[in-house]
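Undergrad: Any chance you could fold what I've pasted below:
(one chain, ligands or ions: 2)
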Amino acid sequence: MPLQTMSRRPTIEWQTNGVCNYDCSYCIQSRQHRQGYPSDDTIERFLAFFAQLPGAWEIKMSGGEPFALRGFMTRIIPGLAALPHHVSVLTNFSAPLGVLRRFVDFVGDKLEVFSASLHLEYVEVGVFVKKAVTFRSWLRPETTFVVNNVLVPGTVAALVGVKAQVEAAGLKYFPQVMKTKQGVYAYDAAEAALVKALIGERPTAREANVAPSYKGRRCWAGAAYFVVDQFGQAFRCRTAKRCGEGYLGNVLDGTFRLAMGPEICRYDICPCTVPANRGMIDGISPGRQAEEPKQ
Ligand code: SF4
Ligand code: SF4
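TA: Ligands and ions are numbered 1, 2, ... in the order given. As a prediction, this is how the structure comes out:
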């Protein structure tokens, strides 16, 4: 596999399951797609695929909600803990602290990035922050812990106080502009000004997810980064998948092949900060702070 990734961090985004225990009104995943989970046998086949990858990859899991999958804590996490890869997770942070403690104990210093999404339709910010502070105290300093927050239209004014509360607790607040199937939500003038205040004038991919376009740049997605869904279907990146392009085969049936090298991006939106923050896009400096690809 020609990774050529000396300055890149090989990364897989694994949508472990579709099921989620929340039903946020602004979720970019339709209810129809927020379904399904792999069988125990399928999980073992995923683990076998990850086991034969050369070198150490970062396997970043999302759903749906990964912790809502029964096999997540019983099979996936113990299985990954036995492999040479690093582990990251994007979660709505609804799992009880007892479960989260076991998670940390399993993955130990393999844990790279833990992205906890704050969904105010389901949790009060003070409760979330208290839990996050406890959880953060269990992590080694090198592990990135971020609080993701979608800038939901109609609520942005209140989020200024939410950001202050998160940051006052010593946590990293990571705002995300609201995405739609077509691109980025068009806020009205009043909220657009608040959005700018929350994310800053020219935020880097470390500071906010503004779903920029890297069209015309050389991108290593497909060669050193890919996304794989709960059925094993792998694609070059999220946008390519959404456009029905960039199919790399299925990791469960032996048809998966990495691309031989980089390609020029031809998409108008890069909705996820992971490729940028893992050094996949030429000219964009990697960072380690930003996360979340979906609402
Ligand atoms: S936004 Fe996240 S937590 Fe909310 S329903 Fe969608 S997947 Fe679940
Ligand atoms: S959309 Fe992003 S990840 Fe996909 S090819 Fe373009 S720059 Fe790379």
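
Undergrad: State whether residue 195 is indeed within a helix.
TA: Yes - under DSSP: H, G, I helix; E, B strand; the rest coil, residue 195 falls within a helix.

Undergrad: wait, isn't it in contact with residue 188?
TA: No - between residue 195 and residue 188 there is no contact under Cβ atoms under 8 Å: 10.3 Å. Where C-beta positions appear, they are placed from N, C-alpha and C, glycine not excepted.

Undergrad: Which positions in the chain make contact with ligand 1?
TA: Proximity of the chain to ligand 1 is confined to 20, 22, 23, 24, 27, 29, 64, 65, 92, 119, 295 under the rule Cβ under 6 Å from any ligand atom.

Undergrad: what does the stretch 151-295 of the chain put close to ligand 2?
TA: Contact residues, the stretch 151-295 of the chain versus ligand 2 (Cβ under 6 Å from any ligand atom): 214, 219, 221, 237, 239, 240, 265, 267, 270, 275, 281.

Undergrad: can you do 5 Å?
TA: Neighbours of ligand 2 within the stretch 151-295 of the chain, by Cβ under 5 Å from any ligand atom: 214, 219, 221, 237, 239, 265, 267, 270, 275, 281.

Undergrad: top of those residues by neighbour count?
TA: residue 275 (30 neighbours; other Cβ atoms under 10 Å).

Undergrad: ok, that residue touching residue 223?
TA: No - look at residue 275 against residue 223 with Cβ under 8 Å: they stay out of range, at 11.2 Å.

Undergrad: what is the residue of the stretch 1-150 of the chain found nearest ligand 2 paired to in the beta sheet?
TA: At 10.2 Å from ligand 2, residue 13 is the closest residue in the stretch 1-150 of the chain, using Cβ to the nearest ligand atom. Judged by DSSP bridges, the bridge partners of residue 13 are residue 60, residue 227.

Undergrad: which other residues reach whichever strand or helix holds residue 134?
TA: Here residue 134 is covered by helix 125-136, with elements defined by DSSP states H and E. Identification of contacts with helix 125-136 by Cβ atoms under 8 Å, 6 or more residues apart in numbering yields 93, 97, 100, 104, 114, 116, 118, 145, 147, 162, 165-166, 169-171.
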